[in-house]
Each structure stands twice: as C-alpha cells, then as structure tokens.
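Student: Just to be clear, the model below is a prediction. Sequence and coordinates:
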Amino acid sequence: MLLRHIRYFLAVAEHKNFTRAAEALHVSQPTLSQQIRQLEDSLADAGADFIHVTEFEAWKPAFGPSGPTLVQLAKKYAPNAVVVANGNLHDVERANEVIAAGADIITFGRGALATPDLPNRLAAKLPLNDFDPAILGPIADIKESELAYEPA
Ligand SMILES: Cc1cc2nc3c(=O)[nH]c(=O)nc-3n(C[C@H](O)[C@H](O)[C@H](O)COP(=O)(O)O)c2cc1C
C-alpha cells in the first residue's frame with residue numbers, strides 16, 4: 001500500500017463519488033478505479049485477523065440514508081475476519097441488532113468511560129451514567145499559525 005492509495009481513497013471518501021474525486025485529483029476515472037482496486041487487493045492480501053469498524057451509531061447505514069452498515073460490509077468483504085464493532089452499543093437492544101447483523105465482538109467507548117462498572121451494570125440491568133463530553137477536555141486544537149509552520 002502506498003501513500004498515493006490512501007490519498008486516492010480519502011478523495012473518494014470526501015467526494016463520495018469517483019468522477020468528482022478523479023477530477024479533484026487531476027487523474028482519469030479509470031486510473032482512480034485501478035488505484036482503489038490495488039488498495040482493496042493489498043488490504044485483502046494483508047490477511048487481517050480482525051476488523052474493528054467504528055461509527056457513532058453502528059446499526060445505521062454506513063453511506064447515505066440506506067444500504068448496509070459497516071459491520072455488514074466488513075462481513076461481506078472479509079468473511080473470515082473477526083468483526084469488532086462500536087458505536088453507541090452500550091444500548092443492549094442496539095448491540096443485539098449489530099450482533100445479528102454479523103458483529104463478533106462489541107466494544108464500548110463512551111459507555112465505558114461514563115460507567116466504569118459497565119459490565120456489572122449491564123448484567124444487573126441497571127441504568128448507565130450519561131456520557132459527559134467535558135471529560136475529554138481540554139481539546140488540543142491545532143492553531144492556524146501551527147498549520148502554517150514549515151520546517152526549515
Ligand atoms: C476518547 C475518544 C476518542 C475518540 N477518537 C476518535 C478519533 O480519533 N477518530 C474518530 O474517527 N473517532 C473517534 N472517536 C469516536 C469513536 O470512534 C466512536 O465512533 C464513538 O465514540 C461512538 O462509539 P462509542 O459509543 O463506543 O463511544 C473517539 C471517541 C472517544 C470516546
């Protein structure tokens with residue numbers, strides 16, 4: 001996998017369209033498609049043991065208003081890999097939905113940060129604490145002057 005492959009992948013992700021991404025990259029659409037195919041092949045050849053897909057709401061379509069979730073896509077394209085999922089899955093009903101869709105392991109980000117004894121609370125069917133984003137502060141934003149910095 002080359003840096004170029006990642007750059008091309010990011011352009012497709014940003015524009016959500018091969019034609020527009022190719023225009024933005026100043027390459028032809030067949031060239032872009034070939035590069036994306038190479039990226040897919042190198043990921044397939046990497047032989048990953050697991051794929052961790054992360055979303056804010058893991059049960060929702062990955063792209064646009066309808067279609068498969070990231071878990072369903074991971075299962076489809078890497079049927080032999082263990083699929084790990086997170087995205088608001090401290091909600092047990094949602095977690096079951098995502099397991100039914102193919103996830104092998106569920107993980108918790110915000111749920112576990114808000115409720116450190118989350119496994120016990122879930123087992124006892126007790127309510128969880130609300131997540132307070134303030135615990136993530138202070139946010140280390142990059143200043144404009146730092147973005148403009150060019151090393152000598
Ligand atoms: C502490 C923390 C750091 C995160 N960092 C990133 C990140 O760097 N990039 C990203 O795409 N999502 C990031 N997320 C979002 C998570 O990947 C995930 O989509 C979101 O928290 C929902 O899943 P959860 O309910 O399991 O927390 C972060 C979340 C948390 C709580």
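Tutor: Received it, and whenever you're ready, just let me know what you need. Residues are numbered from 1 along each chain as shown.

Student: Any buried residues in stretch 119-134, and which?
Tutor: Of the residues in stretch 119-134, those buried by neighbour count under the rule 16 or more other Cβ atoms under 10 Å are Arg121, Leu122, Leu128, Phe131. Quick note: C-beta positions are derived from backbone N, CA and C, even for glycine.

Student: from memory the second one sits against Asp91, does it?
Tutor: It stands for Leu122. No: between Leu122 and Asp91 there is no contact, the gap being 10.2 Å when judged by Cβ atoms under 8 Å.

Student: How about the closest residue to the ligand within the chain: what's its closest non-neighbour residue?
Tutor: Nearest residue of the chain to the ligand: Gly109, at 2.4 Å (Cβ to the nearest ligand atom). Using Cβ to Cβ, 6 or more residues apart in numbering and skipping the chain neighbours, the partner closest in space to Gly109 is Asn86 (5.5 Å).

Student: Then Phe63?
Tutor: Leaving aside its chain neighbours, Phe63 sits nearest to Lys16 (7.1 Å; criterion: Cβ to Cβ, 6+ apart).

Student: For the residue of the chain closest to the ligand, grab phi and psi.
Tutor: With angles defined as degrees, to the nearest 10, Gly109 sits at phi -100, psi -80.

Student: If anything else comes up later, I'll come back, but that's it for now.
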